[in-house]
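Enquirer: Coordinates for the following, if possible.
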Amino acid sequence: MKKLVTALGLAILTPALAFADGAPRDQWGRAGILSSANKADLPPITLSSGMPLAEAPWVLSSGTYYEFEIEGDGSAELALEGSEFFRAIWIDEIVVNDLEIRPIGVNSIEFDDAGTMEIGFVAIKPGTYFLRIPGSTGETQRLDITIE
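Expert: Reported below is the predicted structural model:
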């Protein structure tokens, strides 16, 4: 009986021990989904009066870590809203002037003056979303986003 319990214990613990001894955990390595092998940079979003937000829609993969910049030129006080999109992602950090913010959630972002903001996030919930300038109706003032 003692041998049976020992054999069962080893069968159960062997995979766990393999992870504990430094063996690779998966395709991304020790940092998992936050590793550089699972990271992609997105084109920047431009906040400028009368200019398009982006050149093309974004198509994202669920589980991938993304980074993008929002560049405001100060030509007008402009914001971005997209609460549905912000609820479909996990925001790792928002960086403004080398200050890192790790929020629980975001509803909108506003630029009163010229500046750059960088956002790092993991796409989570598949679906179709958007970011747009509040109150705008033009297609160029909206960025369509699909998470697959």
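Enquirer: going forward, measure contacts between C-alpha atoms and count neighbours the same way
Expert: Noted.
Enquirer: any weak-confidence spans in the protein?
Expert: Along the chain, segments meeting pLDDT under 70 span 1-31.
Enquirer: ok, 50 please
Expert: Per-residue confidence for the chain (pLDDT under 50) gives these ranges: 4-24.
Enquirer: where along it do the helices fall?
Expert: Remark: helices assigned in the chain by DSSP state H are 2-20, 83-87.
Enquirer: which residue ranges form the strands in this structure?
Expert: Along the chain, the segments classed as strands by DSSP state E run 39-41, 45-47, 58-60, 65-72, 78-81, 89-96, 99-101, 108-111, 115-123, 127-132, 142-147.
Enquirer: so what secondary structure elements neighbour the third one?
Expert: The one in question is strand 58-60. strand 142-147 (3 or more CA pairs under 8 Å, 6 or more residues apart in numbering; DSSP states H and E).
Enquirer: now the strand it packs on, how far from the centre of its chain.
Expert: Relative to its chain's centre, strand 142-147 lies at 13 Å (CA atoms, centre = their mean, to the nearest Å).
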